[in-house]
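In: sequence first, then the predicted structure:
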Amino acid sequence: MASSHNSQKKLVEVLWQKINTAILGSPEVQTAMTDLKNASQLDAVKEFNLMLDVEKLIEETLEQNPETKPEPKSRGSR
């Protein structure tokens with residue numbers, strides 16, 4: 001049982017690492033961080049420890065990915 005829990009925990013950790021890597025690797029985020037750094041405002045951002053709405057993030061991500069969209073249910077021909 002503990003092994004299953006550890007495996008699930010590891011999958012969650014990997015997901016968060018991938019999310020963080022994608023966010024920080026985003027050209028838009030990199031540009032915004034550079035702009036804030038150049039304006040000497042990056043430290044002000046670091047003061048905030050914002051929580052991400054994970055449920056909303058997951059929903060929107062899955063909706064944007066055509067591979068994860070559920071197939072439309074077809075109505076059987078009569």
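Out: On my side now, so go ahead.

In: what's the following helix or strand after the helix or strand bottoming out on mean pLDDT in the chain?
Out: Sorting the helices and strands of the chain by mean pLDDT, DSSP states H and E puts helix 42-46 at the bottom, at a mean of 82. For helix 42-46, the succeeding helix or strand toward the C-terminus, using DSSP states H and E, is helix 54-64.

In: low-scoring stretches of this protein, by residue?
Out: The chain contains residues with pLDDT under 70 at 1, 49, 51, 66, 68-78.

In: residue 47 versus residue 22, what's the distance?
Out: Using Cβ to Cβ, to the nearest Å, residue 22 is found at 24 Å from residue 47. Every residue, glycine included, has its C-beta placed from N, CA and C.

In: contact partners of the least confident helix or strand of the chain?
Out: Residues from elsewhere that reach helix 42-46 (Cβ atoms under 8 Å, 6 or more residues apart in numbering): 33, 36.

In: ditto for stretch 14-31
Out: residue 57.

In: what's the distance between the residue at minimal distance from the centre of the chain and residue 2?
Out: The chain has residue 19 as the residue nearest its centroid, 4.1 Å off, counting by Cα atoms, centre = their mean. Distance from residue 19 to residue 2, counting by Cβ to Cβ: 26 Å.
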